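Novice: Build me a model from this:
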Amino acid sequence: MRYAPGDILADLGCELVRTDLSLPSSTWDIESLRQRLTGYLPYINLTSEDARKQALVGPLLLELAQLVQSPLQIEYLINVNQYLKGDLDYFIYKAASWC
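Specialist: Coordinates of the predicted model:
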């Protein structure tokens, strides 16, 4: 998006407030994922944003979607208004059990 988040929110009658993010703790064992990712890093070239998304971000988000049992959308289109529109690379729906 080419507009500052604060400007978009102001147009919607909202305000951007930055605060610390407090995430719930997890017992998720990420060591096996870390080993898989670092295991194939020597064989791939991460010089582009697309390469990093496909090799690192994608596998991590697939694991996360499976863990939280929420759908993962890839290239999710949003169109709220003239300022807030475009494609998100990834979008994970908030799990119903978290609401």
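Novice: what ranges do the strands span in this structure?
Specialist: Ranges of strands in the chain, per DSSP state E, are 72-79, 85-92.
Novice: residue contacts, Leu62?
Specialist: Leu72 (Cβ atoms under 8 Å, 6 or more residues apart in numbering). Where C-beta positions appear, they are placed from N, C-alpha and C, glycine not excepted.
Novice: mind checking pLDDT for it?
Specialist: Model confidence at Leu62, given as pLDDT, is 90.
Novice: circling back: tabulate the strands of the chain (TSV), appending mean pLDDT, distance to Leu21 and mean neighbour count.
Specialist: Shown next, in TSV, are the strands of the chain (pLDDT from 0 to 100; distance: least, Cβ to Cβ, whole Å; neighbours: other Cβ atoms under 10 Å):
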stretch	mean pLDDT	distance to Leu21	mean neighbour count
strand 72-79	91	20	12
strand 85-92	90	16	13
